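**Student:** Build me a structure from this.
(chains A, B, C and D)
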Amino acid sequence: MVDTSWAAIAVAVPLLAALASLWPGRWTAVAVMAVAVPGALLATLGVVWTVYEIGVYRHPVGGWGAPLGIDLYVDGLAAAFLALLAVVAGLASLHVLADPDVKAMPRRRQSLFWSLWYWVWGALAAMFVSGDAFNIYVTLELATLAGVILVSFGHGAVALFASLRYLLIGTLGALSYVLGVALLYGATGTLDLVLLGERLVPGPAVVVAAALVTVGLAIKAALVPLHIWLPPAHGSAPAGVSAILSALVVKAGFYLLVRYWLGPFVSLGDGVATALGILGAVGVLWGSLNAIRQERLKLLVAYSTVAQVGYLFLLFPLAAAGGHVMAWSGAHLLVLSHATAKAAAFLAAGNILTSQGTDHLSEIGRASHHHRLSLLAFGLAGATLMGLPPSGGFLAKWLMVTAAVETGQWWWAAVLIIGGKLAAIYVYRVVRLGFVTSPMEPPGAAGPPRPPGLLPVPMLTILAALGLAVVSVGLGFASAPPLRLLQIGMPAAPGIALEPLP
Amino acid sequence: MSEAVLMLVPTAPLLAALAARLVPRHGALAATVAAVPSVALALFPPDRALDLPWLLLGVELGIDALRRPLLLLAGCLWLLAAVYARAYHRADPRSRPLFVFFSLTMSGNLGLVVAFDAVTFYLSFVLMNLSAYGLIRHAGNAEARRAAKVYIVLVIAGEGLILPALWLGASAADSLALADVRAAVAAHPLQSWIVGLLFFGFGIKAGALPLHIWLPLAHPVAPTPASAVLSGMMIKAGLLAWLVFLPLAEASLPGWGLAWVIFGLAAAYYGALMGVLQDRPKTVLAYSSISQMGLMTVAVGLALAAAPGPAHGAEAAKAAMMAAVVYAVHHGFAKGALFLGTGLTDHTSGRGRLVVVALLALPALALAGLPPTTGLAAKAVLKDATAVAMPAWQNWLDPLLALAAVGTTLLLARFLVVVAGPAANSAPGPAGFGLWGPWLATLAAAAGAAWLPFVIPAGPAAEAFTAGSLADAAWPVAVGAGVALMVWRFFLARPRARPIVVPAGDILVLLEPVGRCLEKMGRDTVRRLGTMDGRWAWLGHVLLVYVRFAEGRLCRLERRLASWPILVAGFGMLLLLVGVIAYNGR
Amino acid sequence: MDQADIYILAGMALFAIALHALAARRHLVRKVLAINILGGGCFLVLIAVARRAPGPVADPVPHAMVLTGIVVAVSVTAVALILVRRIRSATGRTDFPEDNRDDRV
Amino acid sequence: MTALLATGGWLPVSVVLSSFLTGIFIFFLREEDVLMRSLLNLGGAVLKVALGILLLWGVAQGFVYTFVLPLGAGLDLILFADPLALQFVLLSAGLWLVTTVYAIAFLEGSPERSRFFGYFSLCVTASTGIALAGNLLTFVIFYEFLTLATYPLVVHHGTREALKAGRTYLIYTLGGGMLLFIGAVWLQGLIGPVVFGPVPALAETDLPRGVLIAIFWLIAGGLAVKAAMVPVHGWLPTAMVAPAPVSALLHAVAVVKAGAFGLFRLVYDVYGIALAGAPAMGGLLAMLASVTIVYGSLRAIAESDIKKRLAYSTVSQLSYIALGTALGGPLAAVGALAHLVHQGLMKITLFFCAGRLAETYDIHNVHELAGMGRRMPVTMTAFTVAALGMIGLPPVAGFVSKWYLALGGLQTGNDWVLAVLVLSSVLNAAYFLPPLYVAWFTAPPPEARLQRRILPGWVEWGLLVPPVITASLALVAGLLAALPISPLAWAELIVALRYFPVTGDGP
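**Tutor:** Numbering: from 1, shown residues only, chains lettered A, B, ... in the order given. Have a look, this model is predicted:
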C-alpha cells in the first residue's frame, strides 16, 4: 500500500513555514526557506509519484474521512498543479529572499511578509488537493486575503488602492461562489465534488448556483470583463508577489472552473462552455491590445496575464466539442508554461524596476546593457507567451489548435493565432530594448561600468527569473511527463476513449 | 596515353596566366610555351579522344579531321603572337594584366577547338569571350572603353542566345557529346528555334552581318598581337561552333542553308564596301575579316543545305565543312600576318617600312586569291564544295563568289594604301628581331601551312593549279586591282581629294543612340522599381492613424470598465448570461 | 414555498442590495460594509439551506460553514479597514480614484 | 567504431547539440574572454563538422539514425538523418566553421561579442535542427527557433536602423511562421503526425483538393517568407544592416536556405511530387519563383550598395531552388538541390568579400570599388569567381545547377523556364559585371582619399582565408561536379531515392 499522506504534507509544510516565519529575523527567513522549499518540493514529488503509482486517490486527513473529516482528493491535475506551485513558488522564494526591496523592510514587516508568502502557498496547495466545495471557498479566500496584504507591501498609494480593490472584488467573487455552493448544498446535500456530480439534478436552483459559482470563479480568474482588479494589483505588488499572483492565484480560479465544468456541471450543457470560450477569446484580444499600449513594464506583463488566461478558457468549448485529449493537454500545458513564463517575466520586470527605480519602457532602453540577463529571461518567457517554439507555450498552442481543427472549430484556432501575434508585438516592445545601443554606457571590451543611479541586482534574483524562464521553455521538450500526469484521472468526455497509460 | 596531352591544350595557357600574374616579367614567355602543346598535337595528333568523366559534367577532348587544321592555326597564331607580344609590349607598364588576359583568352580559344562535349565547348567559349574583354579594353582610352562596352554587351546577348540552344540540344540528346547533340538537333521538334539561336548566338562571334558591329571597333584598339589572334583565330570560334552544333551531315536544311549563304554573301560585299571607306589600316582589316567570314558562312550554308541522299548528303556536307575549315586556316594565317605586319609599320620607318609594306602585299594578295597562294586553293576548295553540295546553286553562286573576290582585292588595295600612308602614331622604338622574327614566321606559315596534307587534301591542291582554275582565280584579282588603280588614279590622286569615310562600326553609329535610350529607359524603370516599396508607405500611415485612434477608444473603454457600477453591472449581466444559457442547456 | 425558501430569497435579496451598494457607494468604508452585507446574505441562505434538511434537527454542516464564513468575513473586514485607514493616511482620500470623476489617476 | 555508429539516434542529437551547448556556454563568458570564446566557437564548429561527416559516413554505410523524443499527446520530436538532411547539415556546419573564423576576425574589438557568438551558435543549431527534422512538428519548432535566434544578430549594432530592420524581419518571419504553423497544425489535425520519409505523407490521401491546396499554400507561404520569394522578400534587403558574417551565413545560407529546404521537403516528402506538381500548387509556385528570379535581379541592378545588391541577388538566386523544386522532374530537383549548396558557397564568398572590403577600406558602394583588383587581388579574385558563378558561367558551380534546372524544365515540358533562366543570367551579368569592371579595369582613387585601416595580421588572415576557401570550393564543386562526392552527385542520390526508390531498408 502506497502511503498517501504526501498530499497532506505538501499542504502542511508551507503552512508550518508560515507560522515559523513569524519569528522575526533574516536568519529565520533563510532557515525556514532552506527547510520549506525542499520540503514542499519533496512532498510534491511524493504526490506525483503516488499518482503515477496508484492513480487518482483520496487521503483522509487524520483518518476521519468524509463527511466529518476533510478528504484530500488527488488526481493528475491536482498533482500537476501542486508541482507547478512548488516549482514556481520555490524559485520565486529565492527571488524574494534576495530582493533588495524586501530586505529594505523593517524586520517585523519582513517576517509578516514571509508568513503571508507561505500562507498563500499553503492556501493554494490546500485548494489544489481539495475535493470539497466549501474547503475550496476557504482556501480561495485565504489565498486572496494573504495576497491582498502582500500587494499592499508594494510602493505607494497605488498599491494600497490596488490591494483594497483586489480585496473587495475578490471577496465579491468568493461570496458569489459560496452563495452558489450553499444553493448546491441545498439541492444535493453534499459538498464533495464527486458526489455532487452524481447527485446533481439540473433545476432552477442548480442553474442559479452554477451561475453564481461560475461568475465568482471567473472574477478570481480575471476573465474579461471582470479583470479590472488584476492589472493594478499585479502591477504594483512586489515582484515576487506579482509572480505568484499572476502565475498561480489567477490560475486557481481557472483550475476550479475546470473542476466544476468538466465535473459536476457537465450536465448543464455546452452553452456555457461556448460562452466561456467567447469571453476567453475577448479576453485574449482585449488583454493583448491593452498590453500593447502600456508604457510600464509591469502593467504590460499584467495585461498579458489577462490575455493568457483568456486562452485557457478555450478549453471549455474545445473539450465540449470533443477535442478532449488535445484540448485538455494543451490548455493545461499552457497553464504550466504560462505560469512559469509569467513568473519569470514578473521577476525580470521586478529586477529592472528595483535596479532603475522605474519600469517605464522608454527608460529601460537607456540602461539595457545593465539589464541584459533580466531581459534575456524576459525574452525567453516571451517566447512562451508568444507561443513560439521551442517553448511549452508553442506545444500547448499546437495541441489546442489541433483540437480546434479536429473539432472543426477553426475560429478558436484563429483566436489562438491572432493572440500569439499580438503577444509578439508586446513582447517585442520589451525585447528590442535589450539591443538598443544605450547612450548611458559607452560600449567597451572591458564591460561597461554601472551607470549612475542604477542599483545592483543580486545574482540570485536574476537566476530565479532565468530559471523559471528556462523551465517554461524546457516544457516544450520535456512535455511528455507532465502531459502523462495530467491525463491521470482526466474527466472523460462522452464517446472519447482515453489514451491508455503506459 | 598520348591523348592525355590533350589536357595540356587548355590547361597550359591557364598555368601561363597564373605565371603571368605571379612573374610578370615572363608573361610572354609563359604564353609562348603554353601554345607549344597545341602546335605539337596538331602535327602529331593522338588517335583517341581523351575522356575525363570526373571533370565538370564529364569532359571529352579530342582532335578530328575538322579540328586538326584549326588547332594548327590556333596554336601557331597564338604562339607567334605571344612571341611578337614579348617584344611589342616590352615597355608597356600594364603588360601584366595583358598577359594574364592573353593567356586566359588563349586557353579558351584552344580549349574550344579540342572540345568534344558541349559543356567544355561552352566553358572555353565563355572563357575566351570574357578574357578577350581585357584585351580589347587594354589601351584604356575612351575608344577602347567604347569598343569593349559594345563587345561585352554583344557577348552577353550572345550567351543568352547560345544557352537555350545548348540546353535544348543537350536535353534532347540526353548527352553532352557534341556528336549526340548534333544528332538530336537534326531531329528536334524545335529545330528552327535551335538553328536560329545558334545562328545569331555564334554569329556575333563570327561577325555575321548585323552583329558584326563590335569587330571594327575592337580590332583597332586591341594591342596588335591580340588583334592578330582575335581576327585570325578567335572569330573562327563562331565558325567552329556552327560546324559542331549545327546538324550538318545529319539533316538537310535548304532554307536555313540559303539564309546562311545570303547572309554570308551580304557580309562579304558589305564588309568590302564598308572597309574601303575606312582610313585606318586595322579597321580596314577588320572589315576584311567580316567580308572573309562571309565567305566561310557561305560554306556553312552549303553544308547545311547539302542535298540529302544516301551516302551522298553526308559526304557533300563534309566537303563543304572542310571548305570552311580550309578557308579559315588560310584566312587566319593571312590575317594574322597582316595584323602583325601592320603593327610593325608603327615601329619602322624609311626603308624598313617599305619592306614591310611590300611584304604585306603577299598575304593581301593571298586573301584576294591570287595564284599561287593558299587563297587560290581555298577558293578552289570552296568552289568544289559548291559543286558537290549544292549543284543547283552553282550557276549563281560562282559568279557571286568571284565578285566577292573583286571586292576583297579592292579592300586589300585600300589597306595597302592606308598602311603605306603616314604612321598613325609615333613609333615607340625601333623594331628588332623580336617583332620581325615572329612576323616573318607568320608570313612563312601563311604561305605554307595550308598546304599541309591534312589541311588541303592533295586532290584539290593539285586541281588548283590547273590552267582553268588559275584563270578563274586571277581575273577577279585583276579586275579588282584595275578598279582600285582607276579609283586611285582618277579620283583620289587629285589634289584636295577627300575620300569618303564611314565611321568604324557603320550601323553602330545608328544603333548607339537607340542603345543609350534603351539603357536610360531600363535604368529609369529599375530605379522606379527601387522606389516602389515606398509607395506602400501611405498605407502604413493610414494604419498608424487608425491604430492611434483605436488606441484612444481602447483606453477610454478600459477606464470605463474599471468603474464600480460597470463592474457590478458586468457581474450581474454575466450571472444572468450564464444562468440563462445553463437553464436552456440543461 | 416554505419558510426556508423565503429565507433563501431574502438572503439573495440582501446579496443584491449589497451589490448595489458596492457599485453606488463611493466611500471606502461603505464598500466594506457592502461586502459585509453581501456575506450576511450568503450566510442567511446557508442557514436556510440547513433548515431544509429532513428530520427534526437542522443540518449541522451549513452551520459549520457559516461559522467559518464569519471568521473569514471578520478577517476580510479587518484587513479592509486597515487598508482604508492606510489609504486615508497616505492620500487623505476615502474613495477610489475611479469613483471620483474629478481626479482619476 | 561501426558498432558505435550503428547505435540509434545519439548522432543526430549531438550534431544539433554541439553548437547549442557551445552557444549557451558562450553567453556566460565575459566580454574579454576572447581566447576562451574563440576556442569554444571553433571547437564547436569543428566538432559539428566532424559529427556531420561521421553521420555521412554512417548513412553511407546504410545505418539509419532516428532520434525520437515523445512530447506527449501523440506528438514526437524526431531527428533523423536522410541524405537530404545530411546535405543541408554539412552545408550549414561547414559554412559555419568558415564563417566562425571570419566572424572572430571581423568582430575583433567590437562590443557584445559574447552575445553575438552565443546567438550565432544558436542559429546554426536551429538550421541543423531544421535539416535533421524528421517530422513536420520538429521542422516547425526549429524553423521558428531560427527566427528567434536570428533576430538578435540582425539588430546586433543596436542602432535605430538596425532595430527597424529587426522589426521588419520579425514582422515578416513571424507572419510566415504563423502561416506555417496554421498549415502544419491543420494538416496534422487531418492526417495525424506528418513524418518525413521515403513515402510522402500524403501519398494516399482522400482529402478534398481544395483543402490540400489551401494547406499547401499556407505551408509554402510560410516557407516562402524565409526563402525571400516575392512578394514576401522585403525583410532580406533591410536585414543587411547586420554585421557581415551574419549576412554571409544567415542571409546567404542558413535562414534563406531553411525556407528553400522546407519547400523541398514540402513538395517531395509531404505532398509527393505527383500531388504537388499540380498547376494550383507546384505550377503556381514555379511561376512565383520565376517572378522572384526576375524581380530580384531587376532590383539588384537598382541597388548600388554592395550588400543590398547581394541581398537582392539572394532573393533572385534562392528562387532557383524553389523553381527547381516546384517544376518536378528529377533533373530539376537535382538542379534545385545542387543549387542549395552551390548558391551557399558562392553567396557566402561574396558577402565575405564585401565584409572585408567594408572593413579594410570602408567600401560599401559599387562605385567605390575602383582599383580594388589591384589593391586586394586575392579578395577580388574570390569575389570574381563567385560573381561569375552567380551569373552561371562555367566552370563555377552556379553553371552546373543552372544547367540542370534548364534541362529539368525541358524534361518536364516547361520550356518557358529557359526564357526565365536566360533572362536572369543576362540580368545577373548586368549587376555582377559592373562591380567586376570597376574593380579590375578602373584606376584606384589617389591614396590620400582611401585610407586602408590597419588591422592586426591575424585579423587580415581571418578575413581573407574564408572567402578564398569558399570560392575555391565553389570552383571545385563546379569543376568536379561529375565526381561521386560532389554536391551534384549527392543531389542526384537524394533525387534518385525519391524517384526511383530501392526496395529494402536503408538508402
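**Student:** Show residues contacting the helix or strand residue B:60 falls within.
**Tutor:** Per DSSP states H and E: residue B:60 is located in strand B:59-61. Residues outside strand B:59-61 that contact it (C-beta atoms under 8 Å, 6 or more residues apart in numbering or on different chains): B:3, B:6-7, B:9-10, B:49-53, B:114-117, B:119-120, B:176-177. The way it works is simple: take the backbone N, C-alpha and C, and place the C-beta from them, glycine included.
**Student:** Can you list which of those residues are found in strands?
**Tutor:** The members of the contacts of strand B:59-61 that map onto strands under DSSP state E are B:50, B:51, B:52.
**Student:** Now a ChimeraX select for only the buried ones of the contacts of strand B:59-61.
**Tutor:** Buried subset of these, written as a ChimeraX selection, criterion 16 or more other C-beta atoms under 10 Å in any protein chain shown:
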select /B:3,6,7,9,10,49,50,52,114,115,116,117,119,120,176,177
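**Student:** Which residue, other than its chain neighbours, is closest to residue 5?
**Tutor:** Using chain A here. residue A:59 (6.2 Å; C-beta to C-beta, 6 or more residues apart in numbering or on different chains).
**Student:** that answer is for a different chain, and I need it for chain C
**Tutor:** Using C-beta to C-beta, 6+ apart and skipping the chain neighbours, the partner closest in space to residue C:5 is residue C:48 (7.6 Å).
**Student:** give the contact list for that neighbour.
**Tutor:** Residue C:48 touches A:186, C:4, C:5, C:7, C:8, C:11, counting by C-beta under 8 Å, 6+ apart.
**Student:** Look up phi and psi at residue 12.
**Tutor:** Here I'm looking at chain A. In terms of degrees, to the nearest 10, the main-chain angles of residue A:12 are phi -70, psi -40.
**Student:** Neighbours of it, how many?
**Tutor:** Residue A:12 has 18 neighbours, counted by other C-beta atoms under 10 Å in any protein chain shown.
**Student:** same thing with residue B:381?
**Tutor:** 29.
**Student:** wait, what's in contact with it?
**Tutor:** So residue B:381 contacts B:322, B:323, B:326, B:327, B:456, B:460 (C-beta under 8 Å, 6+ apart).
**Student:** again, but for residue D:38
**Tutor:** Residue D:38 makes contact with residue D:104, according to C-beta under 8 Å, 6+ apart.
**Student:** how distant is whichever strand or helix holds it from the center of its chain?
**Tutor:** Using DSSP H and E, residue D:38 sits in helix D:34-61. Mean C-alpha position of helix D:34-61 versus that of the full chain (C-alpha atoms, centre = their mean, to the nearest Å) differs by 18 Å.
**Student:** if you average pLDDT over that helix, what comes out?
**Tutor:** In this model, helix D:34-61 has a mean pLDDT of 88.
**Student:** Paired strands for whichever helix or strand comes after it, with orientation please.
**Tutor:** Using DSSP H and E, the helix or strand that directly follows helix D:34-61 along the chain is strand D:66-72. Note on strand D:66-72: by DSSP bridges, its sheet partners are strand D:75-80 (antiparallel).
**Student:** ok, for residue 10, nearest residue in space, not its chain neighbours?
**Tutor:** By default, I'm working from chain A. Residue A:10 sits nearest to residue A:43 (C-beta to C-beta, 6+ apart), 3.7 Å away.
**Student:** nope, chain C
**Tutor:** Nearest one to residue C:10, counting by C-beta to C-beta, 6+ apart, is residue C:44 at 6.2 Å.
**Student:** In which helix or strand does that neighbour reside?
**Tutor:** Taking DSSP H and E as the criterion, residue C:44 maps to helix C:28-51.
**Student:** in whichever helix or strand comes after that helix, what counts as buried?
**Tutor:** Sequence-wise, the next helix or strand downstream of helix C:28-51 (DSSP H and E) is helix C:60-91. Buried positions in helix C:60-91, judged by neighbour count with 16+ other C-beta under 10 Å: C:61-62, C:65-66, C:68-69, C:72-73, C:76-77, C:79-80, C:83-84, C:86-87.
**Student:** what angle do helix C:60-91 and helix C:28-51 make?
**Tutor:** 180 degrees (axes from the mean of the first three to the mean of the last three C-alpha atoms, to 10 degrees).
**Student:** which other helices and strands contact helix C:60-91?
**Tutor:** Here helix C:60-91 is seen to pack against helix A:133-151, helix A:156-188, helix C:28-51 when contacts are counted using 3 or more C-beta pairs under 8 Å, 6 or more residues apart in numbering or on different chains; DSSP states H and E.
**Student:** That one vs helix A:133-151, what angle?
**Tutor:** For helix C:60-91 against helix A:133-151, the angle by the same axes, to 10 degrees is 10 degrees.
**Student:** Could you tell me how far the residue nearest to residue D:370 when sequence neighbours are not counted is located from chain A?
**Tutor:** What sits nearest to residue D:370 in space, not counting adjacent residues and going by C-beta to C-beta, 6+ apart, is residue D:442, at 4.5 Å. As defined by C-beta to the nearest C-beta, to the nearest Å, residue D:442 lies at a distance of 37 Å from chain A.
**Student:** For residue D:442, grab the count of nearby residues.
**Tutor:** Neighbour count of residue D:442, defined by other C-beta under 10 Å: 17.
**Student:** Can you check the pLDDT for it?
**Tutor:** For residue D:442, the pLDDT comes out at 85.
**Student:** buried stuff in the helix holding residue C:44?
**Tutor:** Buried residues in helix C:28-51, defined by neighbour count with 16+ other C-beta under 10 Å: C:28, C:31-51.
**Student:** follow-up on the earlier one: what comes up buried for the helix holding residue D:38?
**Tutor:** Buried residues in helix D:34-61, counting neighbours by 16+ other C-beta under 10 Å, are found at D:34, D:37-38, D:40-41, D:44-45, D:47-49, D:51-52, D:54-56, D:58-59.
**Student:** most surrounded residue in the contacts of residue B:381?
**Tutor:** Using other C-beta under 10 Å as the neighbour test, the contacts of residue B:381 are led by residue B:323, with 30 neighbours.
**Student:** Show me what the helix or strand harbouring that one is packed up against.
**Tutor:** In this assignment (DSSP H and E), residue B:323 forms part of helix B:312-347. Applying 3+ C-beta pairs under 8 Å, 6+ apart, one finds that helix B:312-347 makes contact with helix B:67-88, helix B:224-229, helix B:236-245, helix B:281-305, helix B:350-368, helix B:374-389, helix B:394-420, helix B:433-448.
**Student:** Show the average pLDDT along that helix.
**Tutor:** Per-residue scores along helix B:312-347 average to 87.
**Student:** Equivalent analysis for stretch D:67-76, please.
**Tutor:** In this model, stretch D:67-76 has a mean pLDDT of 84.
**Student:** and it, C-alpha only, in PDB?
**Tutor:** Extracted in PDB, the C-alpha atoms of stretch D:67-76 (Å, rounded to 0.1, in the frame of the first residue of the first chain):
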ATOM      1  CA  PHE D  67      16.000  10.000 -32.500                       C
ATOM      2  CA  VAL D  68      12.600  10.200 -31.100                       C
ATOM      3  CA  LEU D  69      11.600  12.300 -28.100                       C
ATOM      4  CA  PRO D  70       7.900  11.900 -27.200                       C
ATOM      5  CA  LEU D  71       6.300  15.100 -26.300                       C
ATOM      6  CA  GLY D  72       3.100  13.600 -25.100                       C
ATOM      7  CA  ALA D  73      -0.400  13.700 -26.500                       C
ATOM      8  CA  GLY D  74       0.900  11.800 -29.600                       C
ATOM      9  CA  LEU D  75       3.400  14.300 -30.600                       C
ATOM     10  CA  ASP D  76       7.000  13.400 -31.200                       C
END
